[in-house]
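*Asks:* give the three-dimensional model of this entry:
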Amino acid sequence: MTTPVLALPALSSPAALLSDVSAPVLSVAGVSEATRWLDLAGVLGCAILGGAVARKMNLDLVGYLIVGIISGLGGGILRDVLLQNGPPVAFTDYAYVPIAVAGSFVAFLVSFSEEAWNRIFVVVDAAVIGLWSITGVQKTFEADLGWLPAIILGTVTAVGGGTTRDIILRRIPAIFGGNGLYASVAAASSAVMVACTLLGVPVVGIIGGILLSLVLRLLAVRYGWGLPNGLGWQPHSRLASLWRDKRPKLRSASDASGAERRPARLRASHRIRTRRRRDAGGTGGGAP
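*Replies:* Numbering: from 1, shown residues only. The predicted model follows:
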C-alpha cells in the first residue's frame, strides 16, 4: 500500500507562493490513495445502510450479511466490470469484503430508535453518494476515459449498490423516485469532480463533491425536492387535435347507439310478453 506523497512546490518567497496557489496539493499517487480510502468509506457506509434495510425487513444474520455486502460492494463491482480494467477491486484488495462485513455487523448489533436511525440514515446516505461519485470519476480517469464516461460511472458507482439491493429485496429502487433527489445528486457531485480534475485541482473536487452531495441530499429530504413524474402535456398539432376529438366521438356514438338499441329490444320483448298474457287471459276467460 502506497502512502500519500505531498508535492509542495519549491518556493523562495511569499510572492512566489501567492503566484502558485493553483498548484495541486497531492500528487497522482496521493490522489489515488485518497480515492481508495474514500471508496472504503463508501463501502462501510453503504453496508451499514444495507444492514438497516435488513433490520427493517426483520431478516436474520445471513440476510444482514448478504444485503450489507451487496449494498456495500455492488456499485464498485458494477463500475469495475464496465471499465474492463482488470478484476474488480473488491476481489483484489482484501480490505473491501471485511469492511462490508463490519458495516453489516454494525447494523446487526446496534439498535437505535427509529427517529435517531432515520437521521443517521439520511446523513450517511448523503455522504456515501458523494464519496462514491468521486471514486467513480477518479477510477474512470485512471482508465484513460473522458469526462462523459466519468460522470456516468461516477453516478453508477454511487447508486449501483443500493439499486441492486432494492431489486433483490423486491423494492422499487430509490433512483426511480419517491425518495428525494438521489441519482441527480450523484451526477452533480460527479460533474464537480470532473470539472475540478480537468482544471488540475482534484482536491478541491473531492471536498466540493462531498459537500455538494451532503447539502443537496439533505435539503431534498428536508423539503421534499424531487424530479417531476409524468407531465400531462399533449401535442397541439392539427393531426393530434383531430385524433383526440375523433376517438371520444366514436366511443360516445357507439355507446349511444347501443343504448338506443337496448331499450328498443327491451320494449319489443315487453310487448310480446304482454300480448301473450293478454291472449292467454282472453282465451281462458272465454272458454265455456
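*Asks:* going forward, measure contacts between C-alpha atoms and count neighbours the same way
*Replies:* OK.
*Asks:* test my guess that A47 contacts P98.
*Replies:* No - applying C-alpha atoms under 8 Å, one finds A47 not in contact with P98, separated by 10.7 Å.
*Asks:* between those two, which has more neighbouring residues?
*Replies:* Neighbour totals were compared for A47 and P98, and A47 leads with 33 against 13 (other C-alpha atoms under 10 Å).
*Asks:* need the contact list for the more buried one.
*Replies:* By C-alpha atoms under 8 Å, 6 or more residues apart in numbering, the residues touching A47 are V67, G68, I69, I70, S71, G72, L73, A100, V101, G103, S104.
*Asks:* out of these, which one sits closest to L145?
*Replies:* Taking C-alpha to C-alpha as the measure, L145 sits nearest to L73 out of these, at 22.3 Å.
*Asks:* neighbours of that closest one, how many?
*Replies:* Other residues near L73 come to 29 when the count uses other C-alpha under 10 Å.
*Asks:* can you check L83 too?
*Replies:* Residues lying near L83 (other C-alpha under 10 Å) number 18.
*Asks:* again with C46
*Replies:* 33.
*Asks:* list the contacts for it?
*Replies:* Counting by C-alpha under 8 Å, 6+ apart, C46 touches G68, S71, G72, G103, V124, D125, V128, G161, G162.
*Asks:* repeat that for T155.
*Replies:* Contact partners of T155, counting by C-alpha under 8 Å, 6+ apart, are S133, G136, A183, A186, A187, S190.
*Asks:* and the furthest pair within those?
*Replies:* Greatest spatial distance among the contacts of T155 (C-alpha to C-alpha): G136 and A183, at 13.5 Å.
*Asks:* list residues touching both of those two?
*Replies:* Residues touching both G136 and A183 by C-alpha under 8 Å, 6+ apart: T155, A158.
*Asks:* which one's more surrounded, those two?
*Replies:* Shown here are G136 and A183; by other C-alpha under 10 Å, G136 has more neighbours (29 against 20).
*Asks:* confirm that one sits in a strand?
*Replies:* No - G136: not assigned to a strand; according to DSSP: H, G, I helix; E, B strand; the rest coil it is helix.
*Asks:* any idea how far W117 is from it?
*Replies:* Look at G136 and W117: by C-alpha to C-alpha, to the nearest Å, they are 28 Å apart.
*Asks:* same deal with D39?
*Replies:* 23 Å.
*Asks:* same check on G154?
*Replies:* 27 Å.
*Asks:* cool, and W147?
*Replies:* W147 sits 37 Å away from W117 when distances are taken as C-alpha to C-alpha.
*Asks:* more neighbours: the two, which one.
*Replies:* Each of W147 and W117 had its neighbours counted (other C-alpha under 10 Å), and the higher figure belongs to W147 (19 against 13).
*Asks:* next one, pLDDT for the residue nearest to that one when sequence neighbours are not counted please.
*Replies:* The shortest distance from W147 to any non-neighbouring residue, by C-alpha to C-alpha, 6 or more residues apart in numbering, is to V194 (6.3 Å). Looking at V194, its pLDDT stands at 96.
*Asks:* what secondary structure does I172 sit in?
*Replies:* Of the three states, I172 takes coil under three-state DSSP.
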